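A.B. asks: Mind folding the following:
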Amino acid sequence: MGLRFETRRSDSPWVDTVWTCTSERVTAMTSVAGTRLGLVFWEQDGRVYAAVTGPETRTGTAPVPEGATFTGIEFAVGTSLRAVPTAALVDGGIGLPDTTRRTFRLDGARRRTPGPDGAEALVERLVRAGTVVRDPLVAEVLRGRRPAVSGRTVERRFRAATGLTRGAVRQIERARTAAVLLAAGDPAADVVAELGYFDEPHLARALRSYVGRTAGQLREGAGGAIALAVDQRLTS
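C.D. replies: Below is the predicted model:
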């Protein structure tokens, strides 16, 4: 037993994925670098908690509350909170106070604590309240367009919205995609060719930095619990 995840893509332009998880006899996991802001809610021993999670620039080891159930919302890249600069959340996060099964506090107001089916409705309310925002220029850049402003302006606004450089976002997303492909059984040589790595050592360095696994460990499901949804669950 380990971390049992279920995840679904969202049709909201503000949300990337919604996930749920139950931890069973596991107290730590390998965290994987990520590019998105998140909201996570969990219950353990009858108490309910909530937090904002930020982008992560590297792999590491993270504690897991044992016997807890989680609901998480991963925002689309570039979505941010009005009250907290995303740069302040990189490689960290903040706990939210006064959380109960019914409500939590964010940006000075009480909100209804969501279940997995209520994630998009919560985000829409946060958008209408101006709590969740995004820079339209970042969305253009992510779609491959070239805004009519200087490269320096693009980079400054991109970093303000995401907490990361464009290069870091590309590298992290590519490594995560590589990990999923390898876990599904794709040969390392095919992943190198498909994702544009120079060679297998280049892929191995990216996996070590951003995922915390070797290609062999990903194929075999070895190395312990990992925060990477593969085939709708995390293995241990």
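
A.B. asks: Would you indicate which residues of the host helix or strand of residue 154 are buried?
C.D. replies: If you go by DSSP states H and E, residue 154 is part of helix 151-162. By 16 or more other C-beta atoms under 10 Å, the buried positions in helix 151-162 come out as 154, 157-159, 161-162. (Each C-beta comes from the backbone N, C-alpha and C, glycine too.)

A.B. asks: One more: stretch 161-180?
C.D. replies: Buried residues in stretch 161-180 (16+ other C-beta under 10 Å): 161-164, 166, 168-169, 171-176, 178-180.

A.B. asks: need the helix or strand of the chain with the lowest average pLDDT.
C.D. replies: strand 3-9 (a mean of 83; mean pLDDT, DSSP states H and E).

A.B. asks: How about the contacts made by residue 14?
C.D. replies: Taking C-beta atoms under 8 Å, 6 or more residues apart in numbering as the criterion, residue 14 is in contact with 75-76, 79, 123-124, 127, 132, 134.

A.B. asks: what are the phi and psi angles of residue 106?
C.D. replies: Main-chain dihedrals, residue 106, degrees, to the nearest 10: phi -150, psi 130.

A.B. asks: Can you tell me the closest non-neighbouring residue to it?
C.D. replies: By the measure of C-beta to C-beta, 6 or more residues apart in numbering, the closest residue to residue 106 outside its immediate chain neighbours is residue 96, 5.9 Å from it.

A.B. asks: Mind pulling the model confidence for that neighbour?
C.D. replies: Residue 96 is assigned a pLDDT of 95 by the prediction.

A.B. asks: Surely it and residue 51 touch.
C.D. replies: Yes: using C-beta atoms under 8 Å, residue 96 is in contact with residue 51, at 6.0 Å.

A.B. asks: For the lengthiest helix in the chain, what does the pLDDT average out to?
C.D. replies: The longest helix of the chain (DSSP state H) is helix 166-183. For helix 166-183, mean pLDDT rounds to 94.

A.B. asks: cool, and stretch 66-76?
C.D. replies: In the prediction, stretch 66-76 has an average pLDDT of 93.
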